[in-house]
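> Predicted model and sequence below, questions to follow.
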Amino acid sequence: MPSPRELITAETAAELVIASEDERTIEARLFAWDDVAQTARGPERFERGAFGEVDPSTVTLEAIGPHGNEPGVRLAGIGVAYAEQDDGPHLTVRVSRTQSGDELLALVRDRVYRRVSLVAEPGTSTRGEDGVNVWTSARLVRLGVVEAGAYPGAQVVAAGVEPMTTETAPAPEGAVIAAGAYDGALDNLRTEMLGRMAALEAAKGAPSPFAVYASLGDYLLAAQDDPKVAALLAYALADQITTNNPGVMPPTYITELKSNITVLRPAIAAFGGPGPLGDSGMSIHWPYTTVDLTTLVAAQATEKTQIQSVRVDILDGNTAIQTFAGGSDLSWQLIRRSQPSYVDLYGRIMLAGWSLTTEKTFELAMYAAGTGQQGPFAPLTASADQIRAATFAASRKVRTATGAPASFIGVASDVFAAWGGVTGLWPQPYGTFNVAGTATASTLAINVSGLNVIEFPYLASGSVVWSNETAADWREDGPFVATADDVSKLGQNRAIWSMGATAAFIPAGIVKQSATVFLEEAEAEPTTSTKSK
C-alpha cells in the first residue's frame, strides 16, 4: 500500500473527442473497465466506482511536452463533467485560452497526442489471485494528454478545435486578467488557475499538494531535492528505470579497504616494542651469567683471613636471525589502471600479513624459551580470587629473576574470553573496591591486581605468561619493500621483507602456566639473576 502522499498513475487507451470548436472541450475515456496497467509497482487496475462521487471542477488538465518532463509545462484547463459509462469512466475538460491550451488542441487535432494519463490519490486496494493490485477507492486529481504510453491501442477518434488567433482573448469571468491585457499576462493566468484549484481543495478540507507550485516545471525542480515532494510525481508515462540504462549508471566504488588489516603486535608491544637488530651478521649475542649471587660475597672469618673467592663466568647468549618475506608479480596493467590503486591496497594487506607473522613468531619463541613456572592453577576454570593469587605469586617470581615485578599478563585467546566473564572481575563503571580486578567489554580491558591482561592470540589454548620488558625482546630490521621490473611479462615483482629474532634475555623471568601443567607452589624459587638488557 503506498504512502498517503504517493499518487496512483495510469496510462490509458483513452479515446479523446473535441466536442466542438466553440466549447473548447476534450472528452477522454480514462481507461476501459478491467484494463490492467503495468506500472513500477506491478500490474494494477481500477475497480468500477473506485473514484466515487467526482467533483470535476477539482480535476485539472495539464499540457505536457513530448517527453513529459520539460521545464515550463503548464496547467491548460479544468474538468467540467464526469460520468461512468459502459466502456469506462469519462472526463470532460475545458481547455483554457492560453498558448499552452491552444498548442494542446492543435496537437490533438493533428492526432499527435492520442492518449491520456491520469493522476489519483490512493485510497484502498486489494491484491487479486492473479497478482493484480485492484484499487477500490481513489481520488481523481489530474489528467494529462500525452504522445505515447503503455497502451498501444489508444487513439483519438475525432478532433475539432476553435481556430487559433493572435487577437486578445476575453478574460474568463472572475479572472484577474482584464480584457485587452492578454499579451504578456500568461503567468498571471496560470497563477489565477492554481489559486482557484487551491481554493476548491481548501473548501473541501483537503489542500492541494500542488497549489504551492507555479507550474509542473517548478514542481520538478523542487522534486530533485526533496524525496517527499518527488513522491507526488506520478504520471504513468513509459517507464524509464536504471536497469534499462546501464550506459549512464556508472557504479560507485568505496575506496576504503573493508577488511580487518590491523597491524597491532600485542606481545611485541608488551615486552617494550621492537628493538634494533644491529648492523651485521645473522645472529645477535648478549652477555649473561648463571652464577649463584648468594655465593659471591661472604663474611670475613677474622682479620687477615682469606675473603670469599669465586669465579664469575660471563656467558654468551645468542639467537639466530630469521628472514621474513612475501611478494607477488603484478602486471603493469593492474598497476596503472586500477582505481583505487591496487599497489596501495596490496601494500597495506602485505604489511598486515607481515605484522601477524612476526607477532606469531615472537609469541611462540618467547613462550618456548621461558623457564619460569607457576604453581597449581587452572587458567580456564579459575575464579577471580584464584587468578589474583596466582598473579601475585608469579609477579614475585618475575621480580626474583629480573629484579622487577611483572608488568603485564599475556594470555591465550580462550583464557582472555574466559577471564572476561569471571564473576568478581567487575566492570569499571560499577566500582572496584575490594574486588580481584576489573573486566570491561566496551574496551576489552581486563586488569588483575593492577596488571593489564593482554590477549596473545598465537599462544596455545590455556596458556598464561607473566613477565616484564627486561625478560625478553623482539629485535628486527625492516620491513622493507623490494621491487624489480619483469619486462618480459610486462610486470613488476613486489615483495615485503624483514629480518628479526626473539631474544630471551632472562628465561626465568618469563613465568608461564598452561592448562595441562600444574607445578607445586612449593617448588624452589630461582635465586640467580642475569644482567638486564
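Noted; the coordinates are in hand.
> So residue 132 sits against residue 45, correct?
Yes: here residue 132 reaches residue 45: they are 6.0 Å apart, a contact under CB atoms under 8 Å. (Each C-beta comes from the backbone N, C-alpha and C, glycine too.)
> higher neighbour count, these two?
residue 45 (19 against 16; other CB atoms under 10 Å).
> Which of the three states applies to residue 35?
coil (DSSP: H, G, I helix; E, B strand; the rest coil).
> Quick check: chain neighbours aside, which residue is closest to it?
Leaving out its chain neighbours, the residue that sits closest to residue 35 by CB to CB, 6 or more residues apart in numbering is residue 45, at 5.9 Å.
> show me where pLDDT drops low in the stretch 1-150 of the chain?
For the stretch 1-150 of the chain, the stretches with pLDDT under 70 are 1-23, 40, 64-73, 147-150.
> ok, residue 512 - contacts?
Shown in contact with residue 512 (CB atoms under 8 Å, 6 or more residues apart in numbering): 367, 370, 372, 373, 374, 463, 464, 465, 466.
> can you list residues touching both of residue 132 and residue 45?
With CB under 8 Å, 6+ apart as the test, residue 132 and residue 45 both reach residue 36.
> Leaving out the residues flanking it, which one is nearest to residue 52?
Per CB to CB, 6+ apart, closest to residue 52 is residue 137, 6.7 Å.
> so how far is residue 37 from residue 91?
17 Å (CB to CB, to the nearest Å).
> My error: substitute residue 297 in the last question.
105 Å.
> Can you show me the strands along the stretch 401-533 of the chain?
408-411, 425-426, 437-440, 445-448, 451-455, 464-467, 473-486, 491-503, 511-513 (DSSP state E, counting those that start in this stretch).
> of those, which approaches residue 301 most closely?
Smallest distance to residue 301 across these (CB to CB): 38.5 Å, for strand 511-513.
> Please name the strands paired to the closest one in the sheet, noting orientation.
With DSSP bridges as the test, strand 511-513 is paired with strand 372-373 (parallel), strand 464-467 (antiparallel).
> Distance from that strand to the middle of the chain?
Computed by CA atoms, centre = their mean, to the nearest Å, the separation of strand 511-513 from the middle of its chain amounts to 44 Å.
> low-scoring stretches of the stretch 301-450 of the chain, by residue?
428-434.
> buried residues in the helix or strand encompassing the residue nearest to residue 52?
Secondary structure assigned from DSSP states H and E places residue 137 in strand 133-146. Residues of strand 133-146 classed as buried by neighbour count (16 or more other CB atoms under 10 Å): 133-135, 137-146.
> which one of the residues you listed is nearest residue 502?
Of those, the one sitting nearest to residue 502 (CB to CB) turns out to be residue 133, at 70.9 Å.
> Tell me how many other residues crowd the closest residue to the closest one other than its chain neighbours.
Nearest non-adjacent residue to residue 133, counting by CB to CB, 6+ apart: residue 44, 4.0 Å away. By other CB under 10 Å, the residues close to residue 44 number 21.
> swap in residue 115?
Neighbour tally, residue 115, other CB under 10 Å: 25.
> What of residue 222?
15.
> three-state assignment of it?
helix.
> can you tell me how far it sits from residue 117?
Distance from residue 222 to residue 117, by CB to CB: 21 Å.
> same check, this time on residue 62
Residue 62 is 9 Å from residue 117, by CB to CB.
> so what sits against both of these two?
143, 144.
> OK, contacts around residue 405?
Residue 405 neighbours (CB under 8 Å, 6+ apart): 395, 396, 398, 399, 468.
> How about the first one: what's its closest non-neighbour residue?
It refers to residue 395. Using CB to CB, 6+ apart, the nearest residue to residue 395 is residue 406, at 4.0 Å.
> now the third one
Closest residue in space to residue 398, ignoring its immediate chain neighbours: residue 406 at 4.2 Å, by CB to CB, 6+ apart.
> tell me the phi and psi of the one you found?
phi -60, psi 150 (degrees, to the nearest 10).
> how far is the longest helix anywhere in the chain from where the chain is centred?
Ranked by residue count and defined by DSSP state H, the top helix of the chain is helix 342-369. On the basis of CA atoms, centre = their mean, helix 342-369 sits 28 Å off its chain's mean C-alpha point.
> Measure how it sits relative to strand 491-503, angle-wise.
Counting by axes from the mean of the first three to the mean of the last three CA atoms, to 10 degrees, helix 342-369 points 20 degrees away from the direction of strand 491-503.
> care to break this structure down by domain?
8-165+191-245, 266-513 (automatic domain parsing).
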